[in-house]
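Novice: 3D, please:
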Amino acid sequence: MSSNLSLSCVVWSETGDRLYSFEQAAYLTQTSVLLLERFARLGLIEPVGIMLRRQDLFRVVQIQRLHHDLNLNWAGAAMVLDMVTEIAQLKAQLRAYRGELQIRNL
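Specialist: Presented below is the predicted three-dimensional model:
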């Protein structure tokens, strides 16, 4: 009996992130492997070896949406996402700082 059965295996990073091949990522993000490779070369996503993390897939989709909706180039869209992330982190730090001040003033 010949075995033409293709088994997919789940790959995990050392930090516990699910990893996807570029082919799987292209399918899930409705893009192409070539576009994902271009994003990686431009530093817009950060592969783990030859695999991508789930957060990279979300980032690809967000970059595509900004590119399509706002007509931003790929690098500009990635820059917007980075700034949004940084602003969210700064707001969280500010809330924590304000919470500390309130506790000290009690």
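Novice: Do you have the strands of the chain handy? List them.
Specialist: Taking DSSP state E, the strands of the chain run over residues 11-12, 18-21, 51-53.
Novice: Remind me what the shortest one packs against, helices and strands.
Specialist: For strand 11-12, the packing partners by 3 or more CB pairs under 8 Å, 6 or more residues apart in numbering; DSSP states H and E come out as strand 18-21. Bear in mind the C-beta positions are built from the backbone N, C-alpha and C, glycine included.
Novice: buried stuff in the strand it packs on?
Specialist: Leu19, Tyr20 (16 or more other CB atoms under 10 Å).
Novice: Note down every partner strand of the helix or strand of the chain with the lowest mean pLDDT and its orientation.
Specialist: None of the helices or strands of the chain scores lower by mean pLDDT, DSSP states H and E than strand 11-12, at a mean of 87. Using DSSP bridges, strand 11-12 pairs in its sheet with strand 18-21 (antiparallel).
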